[in-house]
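**Q** what follows is a predicted protein model with its sequence.
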Amino acid sequence: MNKIKIAIIGIGNCASSLIQGIYYYKDKNPEDAIGLMHWEIGGYQPSDIKVVAAIDIDQRKVGEDLSKAIFAKPNCTKIFYNEIPEMGVKVTMGKILDGVAPHMAEYDDNHTFIVSKEGEKEKEEIVKTLQDSGAEILLNYLPVGSEKATRFYAECALKAGLAFINNMPVFIVSDPEWASRFEEKKLPLIGDDIKAQIGATITHRTLANLFRARGVKLERTYQLNTGGNTDFLNMLNRSRLKSKKESKTEAVQSVLETRLDPENIHIGPSDYVPWQKDNKLCFLRMEGKTFGDVPMNIELRLSVEDSPNSAGCVIDAIRCCKLALQRGIGGALTSISAYTMKHPPQQFADDQAQEMVEEFIMGKREK
């Protein structure tokens, strides 16, 4: 089969994990392919994904072959596959806009971006790069808070004729106006804000469903997260967190029988701990009432490698996006967005979203 040709904005930890995974599963078979939700989607295996263009702004990555750039600082994710051959894809300088938080300049080179001295590229140049590469799908891995930059690259995708997978919390796919524009051009959209395979949000949603199914009234809850990658460093600037907090909070509120008052639910990044690197710790507490109005609570500590955890969902989103392209379907893909994203255009219970994805893969559901 033909390769699924993708372009990536932001060659950070998440892009590194995704690319490592593409090569890691190349030599596997279905029986020993641990860590995948689907070995095959529409005939496509993980190794059928090919990165043909990459965009970043860090001088340690711009101009380098992608095989080297994914291991360059400040990337700190776990290396589970390091035998990546030269890919023949040079990382291109992008447009900065609000893609870098000003406070990150206060940290040393191991923990922050070093902006390339190469001049920023304008929209026409980026569109040409995407078109010349032959990419079909553009993945957005920009930092949280990159509102202007995300809209800029969504416009580039539209102009270049690419589908768009928005892995971060700027509301593109869940905005009807953006969805309509992509639908007019028969370009699929998946988003917004990637979930992990087993992460804080999916665990919180599962426990919330358990409370509801077992007749326990949830009265208050919090989810506190710490990590040591550039994502957590970036999020120390609370002004960049509005959409992130909304995305994560809505993902939990949407599965509750009765929505909690804002003062009784707190979900969001808590702090940056450099030595944690790409390890993410989630501290979760849920308080409720059981039979006879008797109080109970759950406290949970979850430890995951953040970026590989998200790549397990992205690798399915890419292949479902390819199916939509083949079928001439444009606009927001409801099923895979609900299954793999925190803030999809329409929220569904996770088991229902999984069923919808299976129907979409088999061609029994349009979106």
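**A** Ah, there it is.
**Q** where are the low-confidence patches of the protein?
**A** For the chain, applying pLDDT under 70 flags the ranges 1.
**Q** ok, His343 - contacts?
**A** Pro169, Phe171, Ser174, Gly191, Asp192, Asp193, Glu246, Ser247, Glu250, Ala251 (C-beta atoms under 8 Å, 6 or more residues apart in numbering). Just so you know, the C-beta spots here come from the backbone N, C-alpha and C atoms, and that holds for glycine as well.
**Q** my read: the fifth one touches Met168, true?
**A** Yes. Under the criterion of C-beta atoms under 8 Å, Asp192 is in contact with Met168, at a separation of 7.4 Å.
**Q** who wins on neighbours among the contacts of His343?
**A** Neighbour counts for these peak at Gly191, which has 33 neighbours (criterion: other C-beta atoms under 10 Å).
**Q** and the gap between that one and Phe182?
**A** Distance, Gly191 to Phe182, using C-beta to C-beta, to the nearest Å: 11 Å.
**Q** then Ile265?
**A** For Ile265, the distance to Phe182 - C-beta to C-beta - is 32 Å.
**Q** how near is the most far-flung residue of the chain relative to its centre to Glu219?
**A** Largest separation from the mean C-alpha position in the chain: Gly292, at 41.9 Å (C-alpha atoms, centre = their mean). Distance check for Gly292 against Glu219: by C-beta to C-beta, it reads 15 Å.
**Q** name the residues that touch stretch 267-275?
**A** Applying C-beta under 8 Å, 6+ apart, the contact partners of stretch 267-275 are 111, 204, 221-228, 232-233, 235-236, 241, 244-245, 248-249, 252, 283.
**Q** which among the residues you listed end up buried?
**A** By neighbour count, with 16 or more other C-beta atoms under 10 Å, the contacts of stretch 267-275 hold 111, 204, 221-228, 232-233, 235-236, 241, 244-245, 248-249, 252 as buried.
**Q** could you pull out the strands for this structure?
**A** Secondary structure of the chain by DSSP state E: the strands cover 4-9, 49-56, 91-93, 137-140, 163-166, 188-190, 217-227, 265-272, 279-290, 294-305, 331-332.
**Q** what number of residues lie near Arg214?
**A** Arg214: 10 neighbours (other C-beta under 10 Å).
**Q** what's it sitting at in phi/psi?
**A** phi -100, psi 10 (degrees, to the nearest 10).
**Q** how about Ile57?
**A** Torsion angles at Ile57 (phi, psi; degrees, to the nearest 10) stand at phi -130, psi 0.
**Q** picking up where we left off before, any common contacting residues for Gly191 and Phe182?
**A** Phe164, Ala332.
**Q** excluding covalently adjacent residues, which one is nearest to Ala72?
**A** Take Ala72 and drop its neighbours on the chain: the residue closest to it by C-beta to C-beta, 6 or more residues apart in numbering is Arg60, 4.3 Å away.
**Q** relative to Ser307, how far out is that neighbour?
**A** Distance of Arg60 to Ser307, given as C-beta to C-beta: 18 Å.
**Q** okay, those two: which has more neighbours?
**A** Between Arg60 and Ser307, counted using other C-beta under 10 Å, the more crowded position is Ser307 (26 against 19).
**Q** roughly how far does that one sit from Phe291?
**A** Distance of Ser307 to Phe291, given as C-beta to C-beta: 42 Å.
**Q** also Ser146?
**A** Distance from Ser146 to Phe291, counting by C-beta to C-beta: 47 Å.
**Q** higher neighbour count, these two?
**A** Ser146 (27 against 9).
**Q** now do the contacts for that one.
**A** Counted by C-beta under 8 Å, 6+ apart, Ser146 has contacts Leu97, Asp98, Gly99, Met168, Val170.
**Q** out of these, who's nearest Leu66?
**A** Taking C-beta to C-beta as the measure, Leu66 sits nearest to Gly99 out of the contacts of Ser146, at 18.7 Å.
**Q** mind listing what the closest residue in space to Asn309 that isn't next to it in sequence touches?
**A** Leaving aside its sequence neighbours, Asn309 sits nearest to Ala196 (C-beta to C-beta, 6+ apart; 3.8 Å). Listed by C-beta under 8 Å, 6+ apart, the contact partners of Ala196 are Ile202, Val304, Asp306, Asn309, Ser310, Gly312, Cys313.
**Q** swap in Pro308?
**A** Counting by C-beta under 8 Å, 6+ apart, Pro308 touches Ser17, Gln20, Gly21, Gly35, Thr77, Lys78, Phe80.
**Q** sorry, back to before: would you mind measuring from the residue nearest to Asn309 to Asp48?
**A** Distance, Ala196 to Asp48, using C-beta to C-beta: 23 Å.
**Q** now Gly35
**A** The value you get for Gly35 to Asp48, if C-beta to C-beta is used, is 17 Å.
**Q** the two: who's more crowded?
**A** Asp48 (19 against 15).
**Q** surely the more buried one is in contact with Lys3?
**A** Yes. Counting by C-beta under 8 Å, a contact exists between Asp48 and Lys3, whose distance comes to 5.7 Å.
**Q** go through the longest helix seen in the chain and flag the buried ones.
**A** The helix that spans the most residues within the chain, counting by DSSP state H, is helix 306-327. For helix 306-327, burial by neighbour count (16+ other C-beta under 10 Å) applies to 306-325.
**Q** what's the neighbour count on Ala154?
**A** By the measure other C-beta under 10 Å, the count of residues near Ala154 is 24.
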